[in-house]
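Peer 1: Test case, fold it:
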Amino acid sequence: MKKILFPTDFSEAANNAFVHALEFAKLVHGELILLHTFELPVFDNQFFPENYAAIYDSVELSEFDMFKDEILKLRAIAEAHHLDKIKMSHRLKDGDLVSNIKGTSKEEKIDYIVMGTSCATGWDSFFIGTNTASVVTQAGVPVFCVPSNAPFNAIKIIGFTTRFRAKDKKALQSVLELAHKAKAKVKCLYVKTSDSDVSKATIAKWEEEFKSEPIEFFVIDSDDVQATILDFIMYKDIDVLTLLPYKRGFFEGLFKPSLTKKLTTDFEIPILSIPME
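Peer 2: Below is the predicted model of the structure:
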């Protein structure tokens with residue numbers, strides 16, 4: 001059974017992503033591990049010599065009480081969507097969000113991470129900049145990012161961006177596995193820039209190798225990669241966009257605020273980032 005980590009701050013955006021996580025768990029026959037993290041306040045113990053520990057105990061207790069209440073709400077959401085049969089367990093941890101995501105992923109041998117892209121309490125910056133790049137490039141598992149206003153829609157067409165590198169094939173195989181489960185099609189995009197080093201022969205080999213799969217290949221000449229991806233999403237009716245972060249700089253550049261805003265407001269589709277090995 002696949003293990004899916006769902007970090008949440010119990011915000012409206014996170015609750016929306018929770019529905020996607022449930023549906024994804026149903027699709028891959030997986031279980032959900034819900035993770036909520038919080039950071040303890042920093043006090044100078046010289047001013048609280050006697051009740052220093054009590055202050056932290058009080059904070060942890062209030063977080064635990066809130067956690068229990070919110071879990072009940074999530075279970076109600078699952079029941080409302082007839083997904084209450086999905087196996088769920090819960091983790092409450094103090095400390096840094098990104099560190100806890102990485103640590104839990106390793107401890108629980110997580111297969112996927114699903115989370116919302118716009119959350120409160122400092123999570124907004126998670127999906128723009130270094131935090132995102134850090135998790136995507138270091139977590140070692142696919143990260144399924146759900147825009148805050150994206151309703152769940154059945155996956156019919158999966159977009160896959162590639163540079164036709166040998167290591168891309170493993171990621172494409174993973175996407176095809178999801179496509180088979182969802183009975184979906186894969187539309188593969190290569191944006192051929194002026195400095196492209198991919199030959200027509202390489203592209204032809206890929207087309208031949210995957211000719212029996214539900215996949216189409218599109219090669220578009222353009223030096224504006226971001227605009228081309230956005231047009232591809234719109235004109236090819238993409239339900240989920242798959243991105244391969246070849247390196248930290250590539251991911252940060254691709255997910256600069258202007259593109260992220262477009263993806264999360266104009267298109268409202270989930271983004272699946274698959275780590276490169």
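Peer 1: got a pLDDT number for Pro49?
Peer 2: Looking at Pro49, its pLDDT reads 52.
Peer 1: Thr162 now?
Peer 2: On the pLDDT scale, Thr162 gets 92.
Peer 1: so how far is Leu244 from it?
Peer 2: 7 Å (C-beta to C-beta, to the nearest Å). Heads up, the C-betas are built off the backbone N, CA and C, glycines and all.
Peer 1: For those two, list the residues in contact with both.
Peer 2: Common contacts of Thr162 and Leu244, defined by C-beta atoms under 8 Å, 6 or more residues apart in numbering, comprise Asp168.
Peer 1: what's near enough to touch the residue nearest the centre of the chain?
Peer 2: By C-alpha atoms, centre = their mean, the chain has its centre lying nearest to Phe144, at 2.2 Å. By C-beta under 8 Å, 6+ apart, the contact list for Phe144 reads 20-21, 24, 112-115, 270-272.
Peer 1: residues contacting Val141?
Peer 2: The contact partners of Val141, by C-beta under 8 Å, 6+ apart, come to 105, 110-113, 275.
Peer 1: Can you classify it by secondary structure?
Peer 2: At Val141 the chain is in coil, as set by DSSP: H, G, I helix; E, B strand; the rest coil.
Peer 1: Find the nearest non-adjacent residue to it, please.
Peer 2: Leaving aside its chain neighbours, Val141 sits nearest to Ile110 (5.5 Å; criterion: C-beta to C-beta, 6 or more residues apart in numbering).
Peer 1: Residues contacting stretch 201-219, please?
Peer 2: Contacts of stretch 201-219 (C-beta under 8 Å, 6+ apart): 160, 164, 172, 176, 179-180, 184-190, 192, 232, 236.
Peer 1: so the residue lying closest to Ile86 once chain neighbours are set aside is in which element?
Peer 2: Spatial nearest neighbour of Ile86, excluding adjacent residues (C-beta to C-beta, 6+ apart): Ala25 at 4.9 Å. Taking DSSP states H and E as the criterion, Ala25 maps to helix 12-28.
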